[in-house]
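Novice: one predicted model, sequence on top.
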Amino acid sequence: MEKIHPQYEARANILKAMGHPTRLFIIEALDEKERCVGELTEKIGSDVSTVSKHLSVLKNAGLVRDEKRGTSIFYSLCCPCVMDFIGCIETVLKTNAEKQMDIARCCGAKIPEA
């Protein structure tokens, strides 16, 4: 078997960092505007410790950066183009749903047209 190129390992690490619903939510929230941990904690409805751990994973993957201002730390996206990738995921989800609807229609299911 061929050795996996380090480039694929690096890509997989970024995808792993994104591979949690809360972290995807954080990425989308930071795409809107920079936020401090308190804001994210309130939006997510979780405790500060959990949100901080998620932010640490995203930061270690190079997806977010932080900036200390006074007693607060603000987070922002390093590469807003990550939202293009999320848009691609949405396209895959839509395509898969459409295929499933087509299969259901072929099987006689009565599904209203959107």
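Specialist: Done, it's in.

Novice: which of the helices and strands in this structure ranks last by mean pLDDT?
Specialist: helix 82-106 (a mean of 91; mean pLDDT, DSSP states H and E).

Novice: buried sites along that one?
Specialist: Val82 (16 or more other Cβ atoms under 10 Å). Yep, even glycine has a C-beta here, placed from its N, CA and C like the rest.

Novice: next one: stretch 36-44
Specialist: Under 16+ other Cβ under 10 Å, the buried positions of stretch 36-44 are Cys36, Val37, Glu39, Leu40, Thr41, Ile44.

Novice: tell me which residues are up against it.
Specialist: 22, 25-26, 29, 35, 47-48, 51-52, 55, 72-75 (Cβ atoms under 8 Å, 6 or more residues apart in numbering).

Novice: apart from its chain neighbours, what residue comes closest to the residue nearest in space to the middle of the chain?
Specialist: For the chain, Leu24 is the residue whose C-alpha lies nearest the centre (Cα atoms, centre = their mean; 2.3 Å). The shortest distance from Leu24 to any non-neighbouring residue, by Cβ to Cβ, 6 or more residues apart in numbering, is to Met18 (6.3 Å).

Novice: fine by me, thanks again.
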